[in-house]
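Novice: model the following, please.
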Amino acid sequence: MNLISIRIITTDVKKLVKFYEQVTGIAAIQYTDDFAELQTPSATLAIGSTKTLQFFGGDEIAKAAQNQTAIIEFLVKDVDDEYSRIAQSIQPDMVQKPTTMPWGNKSFLFRDPDGNLVNFFTPVTPEAIKKFASNS
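Specialist: Alright, predicted model coming up:
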């Protein structure tokens, strides 16, 4: 089994797509006004409007801008470079400046326009570097 995609449900696809294109540098594929994807080598970040919930059984399936548990994480080549590149554009939604975590990743955390947590990280300890060696 492989994790292929994470989908964010939003009331403003255009705004969220623009944000993720800006912070990742990845151009989204906009299939319709209600659905887009940002594809990385290992997984896809899908962005769907609340209108797409009708395909899954109705409006009560998911609630836009209600995430309180998940963090969308991106492995980046150099977390300090990425922080320097986007720090101004993610203020005041910065949650944590670059910090080395006990599990060996240096990361910074911020929120997207819908309030979802986003983590950019780079492995920095030998164990973490080895763990992610095939993903970089």
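Novice: what bridges to the spatially most central residue of the chain?
Specialist: In the chain, the centroid-proximal residue (Cα atoms, centre = their mean) is residue 72; its distance is 4.1 Å. Counting by DSSP bridges, residue 72 forms beta bridges with residue 118.
Novice: what's the spacing between stretch 102-122 and its chain's center?
Specialist: Centroid separation for stretch 102-122 versus its chain: 8 Å, with Cα atoms, centre = their mean, to the nearest Å.
Novice: so for the longest helix seen in the chain, what gets flagged as buried?
Specialist: Using DSSP state H, we find that the single longest helix of the chain is helix 13-24. Under the neighbour-count criterion of 16 or more other Cβ atoms under 10 Å, helix 13-24 has 13, 16, 17, 19, 20, 23, 24 buried. Quick note: C-beta positions are derived from backbone N, CA and C, even for glycine.
Novice: just to revisit the earlier point, distance of the residue nearest to the centre of the chain from residue 43?
Specialist: When distance is defined by Cβ to Cβ, to the nearest Å, residue 72 is 10 Å away from residue 43.
Novice: ditto for residue 61
Specialist: Counting by Cβ to Cβ, the gap from residue 61 to residue 43 is 21 Å.
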